[in-house]
Each structure stands twice: as structure tokens, then as C-alpha cells.
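**Student:** Here is a sequence with its predicted model. Questions after.
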Amino acid sequence: MSDPHRLAGRRILITGEDSLLARRLGEHFSRFGALLDVDPAPLDAGPPASPEEGSRMVHEAVESLGGLDVLINTGPAALPAELVPSSPRGLSLEGMEHALERSMSLLVSTTESAVREMGPGSSIVTTVLFASPPYLLTPEQEALTEAVLDTTRGWADILSSRGIRVNAVAGGPEWAAESLAGDDDVQEAELDPFVYLASRESRCVTGSVLGVARAYEHALEGIGGFRNR
């Protein structure tokens, strides 16, 4: 759908650790009339952001936009660099729990802060990875994917009574902008699931995952049986 008013008046904060995806979404959403605050916190810029960082981003977005209708979380998509295991055996169970806690901190704090500003009809979208041949996720990436999806499911169940929808978009390990250079049709098709979930068109959709691009069936198999409702 190319309706330039699909997101008209929707006040949207785009944040998370994938700064490239955040910028692309900001440019794409602007074509549909969205009111935007794009404030990514890239993972490679240092240690994971503190809970206070998530609260700050939401507060500034609400001040700038006059409220908040949509939150797009573009990560975490990877473990912090200092927590990536150097051993082929991977992280210990204790190390994995610590890594997941740190990686999820920005996602959780931002969402919890945003929920306090949202009313019925609002939408939250998280992003996750899936393995698409010839790429394979590491055990640590798989654990992080499961953590994001479990959290998304929990939020969807809890917030449905308040009329707030929570869904996920799954993309391959290389969501590479260079592969889309000069191809507006492909770019629109890849980013359109975000537009759909952010818009009022998906007002009856919650607790769902939309797979982007290739290997959609494989995506569902690879993320623990998460199914559309």
C-alpha cells in the first residue's frame, strides 16, 4: 500500500541498538505522514545503555511530539562486543544470563517508560533475528532472539487489556542496506511490515511476528514456534 497518509499524525519513537535500521525506518515512515523522533543507541558505541537512558529517550520524545502512539525497538540484535565469547564453546550459563540481562536492559527500560505514556490504539514493535541460509545464528544470538520474543509475548498478553498492541518483526542476520541501494520497491517491501504494525490497519493484531524477506517458514521454525494469533 502506498497511501501517503497511513501514519498521518502517529507520534513515533524509533530507538534501539540498530542505528542503520532506525535511520532507514525514520526516512520510510516520514513518507507516510508520521511525527518522528529517531534516537538510536548503537551497540558499538560502548557498553549497553542504562535504564535511565531508555527513560530519557521516551521523555524527550514525548516532550518533542506531544505524546507517544508508537514505539519501535530496533534491537538488541547482538550481544555487546565485550561479551561475545572468544572460546568456541561459547558463554557459560552464568555468562549467558549476564549477557542477556545487559543486552535487554535498553529494550525493557524504554518499553516500560513508553507504556506509561501510551493509551488505547498504541503500538509497540520489537525486532528479532532469524537464521536464513547460508547464515546461521550463534547459540548466543539464538538465546537473545528467544529472550526478545518471550518478552514480546509477555507484553502482548499484559497490555492487551489496555488496548496497546505488541508485535515483532523478524529479519535475517544481514539486513543490509547496500542490497537495497537504488531499489525503492524492494526497500518499501522490506520495511512495510513496520508501517503496517505502526498504523491503525493492524488495530486487531497483537502477539504476532512478521517475517521479512526470505525464508519466512524457516523463520518461524527457528524462533521457537512463535505464531501469529
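**Tutor:** It's in. Numbering: from 1, shown residues only.
**Student:** helices and strands around whichever strand or helix holds N167, which ones?
**Tutor:** Using DSSP states H and E, N167 sits in strand 165-171. Strand 165-171 is packed against strand 123-129, helix 139-159, helix 184-198, strand 209-211, with contacts defined by 3 or more Cβ pairs under 8 Å, 6 or more residues apart in numbering; DSSP states H and E. In this view, the C-beta of every residue, glycine as well, is placed from N, C-alpha and C.
**Student:** Report the inter-axis angle for it versus helix 139-159.
**Tutor:** Between strand 165-171 and helix 139-159, the angle comes out at 160 degrees (axes from the mean of the first three to the mean of the last three Cα atoms, to 10 degrees).
**Student:** ok, now which ones touch D69?
**Tutor:** Counting by Cβ atoms under 8 Å, 6 or more residues apart in numbering, D69 touches R10, R11, I12, M118, G121, S122, S123.
**Student:** Which ones among the residues you listed lie within strands?
**Tutor:** Among the contacts of D69, the ones falling in strands (DSSP state E) are R11, I12, S123.
**Student:** mind listing the helices for the chain?
**Tutor:** Secondary structure of the chain (DSSP state H): helices located at 19-30, 51-65, 93-115, 139-159, 184-198, 216-222.
**Student:** still on that earlier bit, of the contacts of D69, which count as buried by neighbour count?
**Tutor:** Using 16 or more other Cβ atoms under 10 Å as the burial test, the contacts of D69 include R10, R11, I12, M118, S122, S123 as buried.
**Student:** follow-up on the earlier one: which one of the helices and strands packed on strand 165-171 has the lowest average pLDDT?
**Tutor:** Lowest mean pLDDT within these: helix 184-198, at a mean of 81.
**Student:** re the thing from before, now do the strand holding N167 and helix 19-30, the angle between them.
**Tutor:** Using the same axes, to 10 degrees: strand 165-171 against helix 19-30 is 120 degrees.
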